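[1] Next one to model:
(chains A and B)
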Amino acid sequence: MSATVTARRLTVGYGSQIVLDGVDAHVPPGAAVALVGSNGSGKSTLLKTVAGLVPPLSGGIEVLGAPPGRRGRDVAYLSQHRSTALALPLRVIDVVRTARFDHRSRFARRTPDDDRAVTEAMERLEITGLAERAYSSLSGGQRQRVHLAQIIARGASLLLLDEPTAALDAPGRALYMEALRAERARGAAVITATHDLGEATECDRIMLVARRVVADGPPAEVLTPDNLLETFGLGLSRVGDRLVVTEHLHDHHGHDDHHDHHGYHDGRDDHHQH
Amino acid sequence: MGPLVDPFVDNEFMLRALGAGVLVSLCCAVVGTYVVLRGLAFIGDALAHGVLPGVAIAAILGLPVIAGAAAGAAVMIGGVGLVTRRTRLSGDSAIGLLFVGLLALGVLIVSAADSLTGDLEAILFGEFLGVDSADVWFQVVTTLSVALVAAWSARPFLLLCLDPEQAAAMGYRVAVHHRVMLALVAATIVASFQTVGALLVFGMLLAPAGTGALVSRRVGSMMAVAAAVGVFATYLGLLASYHFAWAASAAVVVVAVGIFFVVFAVKGAVRGTGQ
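    Take a look at the predicted model:
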């Protein structure tokens, strides 16, 4: 099967600073890969490199059969920084519609396909009722659903999601997971950068990263206590028979810090989110 | 027809000033909307003040002051880009450095050239009531050009305001569109500074668009509200200037900023009543 993303001995970083080294990957259509690691581990930089936002430092990478950034229309990228737009006078539906801007020529009006994609995406994330609301009036969780609907509405072959469940409540996470399954069922590949081990175990493969690839494979093989300790270091604590990620998360806009607690049972076959 | 209309009917200079002011308002409504949404207020302010040395040197050499203003704006944009690329300074620090440096240089040049001392006030505060037909035509061309480029770039500009990384991942050339946006800000300032002055053109960029942001839920309607506020402020400011002998450009900007605060207060009161 032809790969959506192929990487060989890929090194990513900024300028002369290496952030993540030695990445080998083969992501077929419909697959889901979770990049799991602590802050500064290189997972977001890797995602940006795949999206074509950061040039690779060395090694090889192909995205949909071309160098990164060449197939923008077939890629949906959810960045980590999404809160700068609060001053924008936009309705929720306007934000979701921006997902289809590159699907038609500059002055062309929306097509029925555009409208259908936007409507279906909003239905999947259950934000149809918010369509006419001002984007700036939404809560953090509602805004996250809007951005996920934006991603779904692109109808892309590759979804690159940086912390997609941040700010989502339990029903929001369930909707997101369901939407993701539908995207994969139609053949879209998904790469997610996450701290959430529960979300990661939903993927076919997990790549644990800590400025290098610690482990890469199916969740049951990769999520061992030793690998997790090596990935998260002191950010991982043993509580009884469980390993708990107690990493201090910072977003990059200077918002309040918050603790993210994810539980993971010490044992390969019995893991779940705390 | 009464004191509200007669000044513009009986005096050609008032009619020309109104025409120029309306064009400045339209241009500033389009560009000011993106200045507000993209958070470009500081670079806009710096550009407005940074044209001073260019204007002063052009005046000394007997060149068109517009050319001097354009050169000043180019030095500002190029300098900020250079400093941020080559150093670890943030964009804000680079802008501040160029802003203060160019403004001080401008004041130095003006104070050293005796022939310019009288012109300093005109450079800083404009000559609203002294605009001629050539100024108005230049403003017409600039306003049309700005409107065309803004319409062409409407989608990438919106994505740039919403999420630049996502725009880049979609294949839009974010750096190019950012520079185009800065060029529109510079063009607006250069074309408008003769009318409302280097210090006050910034008020026309921010106050009407800021008012639009308070009451609009779409970018297009924000621009429309900004244009309406700018045109009304121009009319009211010129009228007040005529009847009370106030400085015209300052009166226009004071009205524009006043409208912002009136709308702000009314909106706050309405929200308070609703709760």
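[2] shaky segments in chain B?
    Within chain B, the ranges that satisfy pLDDT under 70 run B:1, B:116-119, B:274-275.
[3] Return the residues of it in contact with chain A.
    Counting by CB under 8 Å from any CB of the partner chain, chain B comes close to chain A at B:36-37, B:39, B:152, B:155, B:158-159, B:161-163, B:165-166, B:168-172, B:212-213, B:216-219, B:221-222. Glycine gets a C-beta too; all of them are placed from N, C-alpha and C.
[4] What's the PyMOL syntax to select whichever of those are buried?
    Selection of the buried residues among the residues of chain B next to chain A in PyMOL, burial being defined by 16 or more other CB atoms under 10 Å in any protein chain shown:
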select buried, chain B and resi 36+37+155+158+159+161+162+163+165+166+168+169+170+171+172+212+213+216+217+219+222
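[5] Can you report how many residues lie near the residue of chain A found nearest chain B?
    Using CB to the nearest CB, the single residue of chain A nearest to chain B is A:Gly72, 2.8 Å away. For A:Gly72, the count of nearby residues is 20 (other CB atoms under 10 Å in any protein chain shown).
[6] Could I get the contacting residues of the residue lying closest to it once chain neighbours are set aside?
    In space, and not counting its chain neighbours, A:Gly72 is closest to B:Gly171: 2.8 Å by CB to CB, 6 or more residues apart in numbering or on different chains. B:Gly171 sits next to A:69, A:72-73, A:102 when contact means CB atoms under 8 Å, 6 or more residues apart in numbering or on different chains.
[7] remind me which residues of the stretch 51-200 of chain A are low pLDDT?
    Residue ranges of the stretch 51-200 of chain A with pLDDT under 70: A:82-86.
[8] near chain B, which residues of it?
    A:51-53, A:69, A:72-73, A:75-79, A:81-82, A:84-85, A:87-91, A:94-95, A:98, A:101-102, A:106, A:134, A:160.
[9] want to throw the contacts of B:Gly171 into CSV with secondary structure?
    Output for these, formatted as CSV (DSSP: H, G, I helix; E, B strand; the rest coil):
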residue, secondary structure
A:Gly69, coil
A:Gly72, helix
A:Arg73, helix
A:Asp102, helix
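[10] Mark which of those are buried, thanks.
    Using 16+ other CB under 10 Å, the buried ones in the contacts of B:Gly171 are A:69, A:72, A:102.
[11] quick one on the thing from earlier: wasn't the residue nearest to A:Gly72 part of a strand?
    No. Applying three-state DSSP, one finds B:Gly171 to be coil, outside a strand.
[12] gap between it and A:Ala188?
    18 Å (CB to CB, to the nearest Å).
[13] The spatially most central residue of chain A in helix, strand or coil?
    Centroid-nearest residue in chain A: A:Leu161, 1.9 Å away (criterion: CA atoms, centre = their mean). Put simply, A:Leu161 is strand when judged by three-state DSSP.
[14] Hmm, A:Leu78 and it touching each other?
    Yes. Taking contacts as CB atoms under 8 Å, A:Leu161 lies within contact range of A:Leu78: 4.6 Å.
[15] okay, and the common contacts of the two?
    A:Ile151.
[16] how far out from the middle of the chain is the strand or helix carrying A:Met122?
    Here A:Met122, judged by DSSP states H and E, is contained in helix A:112-124. In terms of CA atoms, centre = their mean, to the nearest Å, the centre of helix A:112-124 is found 21 Å from the chain centre.
[17] send the alpha carbons of it over as PDB?
    The C-alpha trace of helix A:112-124 is given here as PDB (Å, rounded to 0.1, in the frame of the first residue of the first chain):
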ATOM      1  CA  PRO A 112     -22.600  22.700  -2.700                       C
ATOM      2  CA  ASP A 113     -19.600  20.400  -1.900                       C
ATOM      3  CA  ASP A 114     -18.200  23.100   0.400                       C
ATOM      4  CA  ASP A 115     -21.500  23.600   2.200                       C
ATOM      5  CA  ARG A 116     -22.000  19.900   2.600                       C
ATOM      6  CA  ALA A 117     -18.500  19.300   4.100                       C
ATOM      7  CA  VAL A 118     -19.000  22.200   6.500                       C
ATOM      8  CA  THR A 119     -22.500  21.100   7.600                       C
ATOM      9  CA  GLU A 120     -21.400  17.500   8.100                       C
ATOM     10  CA  ALA A 121     -18.300  18.500  10.100                       C
ATOM     11  CA  MET A 122     -20.400  20.700  12.400                       C
ATOM     12  CA  GLU A 123     -23.000  18.000  12.800                       C
ATOM     13  CA  ARG A 124     -20.200  15.500  13.800                       C
END
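[18] Mind giving me the packing neighbours of that helix?
    helix A:92-97, helix A:140-153, helix A:170-185 (3 or more CB pairs under 8 Å, 6 or more residues apart in numbering or on different chains; DSSP states H and E).
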